[in-house]
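J.: attaching a predicted model along with its sequence, questions to come.
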Amino acid sequence: MSPESTLQTPLQETEAKQSRIKIAYYPGCTLKTTGTGLEMSAIAAARALGLELVELERWNCCGTVHSLANDNIINNLAAVRNLIRAKESGYDRFVTLCSICYNTQKSVNNIIRNDKEKKEKINSFMYEEPDYEGDVEVLHLLEAIRDEIGFDNVAKKISKPLSSLKIAPYYGCLLLRPKEIALDSQENPTIMEK
């Protein structure tokens, strides 16, 4: 295919942009520093599949440095602020690429949704922000592709199959644990292979 055949007219570009599914995008600190290559390629792939990742304007670090010690309410405030930003921007879904940002944001969202006492404490500390009720869904990009585009539709867009390559996916623990926030089966995950 020649480069000229892939160019779109302004009308085609506008129609393609309008047909994309828009989801709030939280990059996190790493993707804006040492992970810029991953960010650029993931955004381009998402766009090619029909997802428009709209970066939150005023995001902050998710607080992951402290997030694993969830016995202290203060550790959850940074993540809640990002979820509030997504809601203020009119989004009910929030995508991230970083596994620890995913784990941190989704864990805090789970606390807000399931622990009334902690939710009230967190919201009381967020006195300059509106109360957050857990109404923004936290997704990893893999979930957004699976749930919004569908793997069958992804397969239709493959122009150069890589089936001859032997690839071993690495999920790590942050995408699969704890089970309340896992993006796939903890014992037999397959989302990356699909």
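T.: Sure, I can see it.
J.: quick one: low-confidence parts of this protein?
T.: Within the chain, the segments meeting pLDDT under 70 span 1-18, 66-71.
J.: let me see the ranges of the strands in it.
T.: For the chain, the strands defined by DSSP state E occupy 21-25, 51-55, 93-96, 137-140.
J.: CA atoms only: put the third one into CSV for me.
T.: What follows is strand 93-96, C-alpha atoms only, in CSV (Å, rounded to 0.1, in the frame of the first residue of the first chain):
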residue,chain,number,x,y,z
ARG,A,93,-14.4,5.7,32.4
PHE,A,94,-10.7,6.2,33.0
VAL,A,95,-7.9,4.4,31.2
THR,A,96,-4.3,3.9,32.3
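J.: measure the residue lying closest to Leu142 once chain neighbours are set aside to Asp131 for me?
T.: Nearest residue to Leu142, sequence neighbours excluded (C-beta to C-beta, 6 or more residues apart in numbering): Ile191, at 5.0 Å. (Each C-beta comes from the backbone N, C-alpha and C, glycine too.) Distance, Ile191 to Asp131, by C-beta to C-beta, to the nearest Å: 33 Å.
J.: what does Ser163 give?
T.: From Ser163 to Asp131 the distance is 50 Å (C-beta to C-beta).
J.: neighbour count: the two, which is higher?
T.: Asp131 (13 against 5; other C-beta atoms under 10 Å).
J.: enumerate every residue touching the nearest residue to Arg47 once chain neighbours are set aside.
T.: Nearest non-adjacent residue to Arg47, counting by C-beta to C-beta, 6+ apart: Arg20, 7.2 Å away. Neighbouring residues of Arg20 by C-beta atoms under 8 Å, 6 or more residues apart in numbering: Arg47, Gly50, Leu51, Glu52.
J.: ok, 10 Å please
T.: Ala46, Arg47, Leu49, Gly50, Leu51, Glu52, Leu53, Val54 (C-beta atoms under 10 Å, 6 or more residues apart in numbering).
J.: quick check, nearest of the residues you listed to Tyr102?
T.: Tyr102 has its nearest neighbour among the contacts of Arg20 in Leu53, at 14.0 Å by C-beta to C-beta.
J.: how close does the residue lying closest to that closest one once chain neighbours are set aside sit to Leu83?
T.: Nearest in space to Leu53, with sequence neighbours left out and distances taken as C-beta to C-beta, 6+ apart, is Tyr25 at 3.6 Å. Separation of Tyr25 from Leu83 (C-beta to C-beta): 13 Å.
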